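**Q** sequence first, predicted model second:
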Amino acid sequence: MNQYKMAIIGPRETILGFKALGLEPVYATDPKEAVERLYSLKRERTEVDGESINKYAIVFIMEDLARGVTPDDYKKLSAEPLPAIIPLPSHLGTTGYGLQKLKTIVEKAVGMDILS
């Protein structure tokens with residue numbers, strides 16, 4: 001059985017509590033650092049039954065950091081199905097960025113905006 005891991009990227013004081021939920025905290029304080037961490041997590045692999053697979057299935061990232069990911073970087077990071085990159089509101093509240101990304105993904109998948 002495959003056991004993928006989940007990670008969360010953000011400032012230490014914001015994401016440390018997620019460790020209790022089984023997520024691996026990955027600290028970043030600015031968008032540039034967050035992008036570096038995303039690429040690093042995407043490259044991490046593990047062996048399962050002699051096959052190399054992504055170590056992480058889901059990577060959550062605080063919205064304020066995710067907004068700094070360039071469209072080019074986002075395209076490269078989401079070229080493969082795993083890990084899924086999911087923006088979450090930070091302690092500062094939501095910016096609407098995560099919902100907009102989700103709407104874009106759903107619209108691509110089903111051909112129309114069903115979340116409005």
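**A** On my side now, so go ahead. Residues are numbered from 1 along each chain as shown.

**Q** what about the strands in this structure?
**A** 5-10, 24-27, 45-48, 51-54, 56-62, 84-88 (DSSP state E).

**Q** any chance of those in a markdown table, with distance to Asp72, mean neighbour count and mean pLDDT too?
**A** Every C-beta, even on glycine, is put in place using the N, C-alpha and C of the backbone. Shown next, in a markdown table, are those (distance: least, CB to CB, whole Å; neighbours: other CB atoms under 10 Å; pLDDT from 0 to 100):
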| stretch | distance to Asp72 | mean neighbour count | mean pLDDT |
| --- | --- | --- | --- |
| strand 5-10 | 19 | 22 | 96 |
| strand 24-27 | 21 | 17 | 97 |
| strand 45-48 | 23 | 12 | 90 |
| strand 51-54 | 21 | 12 | 91 |
| strand 56-62 | 17 | 21 | 94 |
| strand 84-88 | 14 | 18 | 91 |
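
**Q** of those, which is nearest Leu77?
**A** strand 84-88 (6.0 Å; CB to CB).

**Q** in PDB, list the C-alpha atoms belonging to that closest one.
**A** The C-alpha coordinates for strand 84-88 follow below in PDB (Å, rounded to 0.1, in the frame of the first residue of the first chain):
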ATOM      1  CA  ALA A  84      -1.200  18.700  -5.700                       C
ATOM      2  CA  ILE A  85      -0.500  22.300  -4.500                       C
ATOM      3  CA  ILE A  86      -3.300  23.700  -2.400                       C
ATOM      4  CA  PRO A  87      -3.300  27.300  -1.200                       C
ATOM      5  CA  LEU A  88      -4.800  27.900   2.300                       C
END
